[in-house]
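Undergrad: Kindly generate the corresponding structure for this input.
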Amino acid sequence: MQKGQTAEHSQRDLTLVEAALYVAGRPLDVKELCSVLKTRSKNKTRKLVKLLRREYTSRNTALEILELKDERYVLQLKAGFTPKVRKLVKRPLLSRGPLKTLSYVAYRQPVTQKRVVDVRGHHAYGHIKELKRMGLISREKKGRSTILRTTEYFADYFGLSHNISMLKRQLKNVFEDFSKHEP
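TA: Below is the predicted model of the structure:
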């Protein structure tokens, strides 16, 4: 391959990584990006993501590519823009009630279903059913209790760590940032 073809090939790979991150709408790990690029070279893939991250930083856009734990990458809106464009979101993933229930489960996990219902009210049974159906939480019977936890899909969807203590710290920061922007 000649030099011009190599540069063209690299640019195509770069745009393919960008397209994958955009379409996924969730964090992708190096293996998934390798699969999209049809390569086994994790180093090549890491270099492409690093280059793309630099491009986004130099462009000074509303979007950013973040590197998360476990070599996962996500293309997302910078936090400062969220309050300004939130009203444009047509249909949120969850309505306010189930979202509050999910937040409680995520922050308090592992937590008993009884505790969630005591705190959130009887309507939480419906929320839990919906969150389970969506794959955002898991239910596990332990004796007479049902223990609730978030799933890996939850962490991926919201760009959070799979490590529970790290996830809780990230959520605490999100809650603090959100409370600063709420009227």
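
Undergrad: which residue is nearest the middle of the protein?
TA: Gly159 (2.1 Å; Cα atoms, centre = their mean).

Undergrad: Please tell me I have it right and that one contacts Ile65.
TA: No - using Cβ atoms under 8 Å, Gly159 makes no contact with Ile65, being 11.0 Å away. Every C-beta, even on glycine, is put in place using the N, C-alpha and C of the backbone.

Undergrad: can you list residues touching both of the two?
TA: When Cβ atoms under 8 Å, 6 or more residues apart in numbering defines a contact, the residues bordering Gly159 and Ile65 alike are Val74, Gln76.

Undergrad: Quick one: list the elements packing against the helix ranked longest in the chain.
TA: Across the chain, the longest stretch assigned as helix under DSSP state H is helix 3-24. Under the contact criterion of 3 or more Cβ pairs under 8 Å, 6 or more residues apart in numbering; DSSP states H and E, helix 3-24 touches helix 30-37, helix 42-59, strand 72-77.

Undergrad: Which one of these has the poorest average confidence?
TA: If you rank the helices and strands packed on helix 3-24 by mean pLDDT, strand 72-77 sits at the bottom with a mean of 88.
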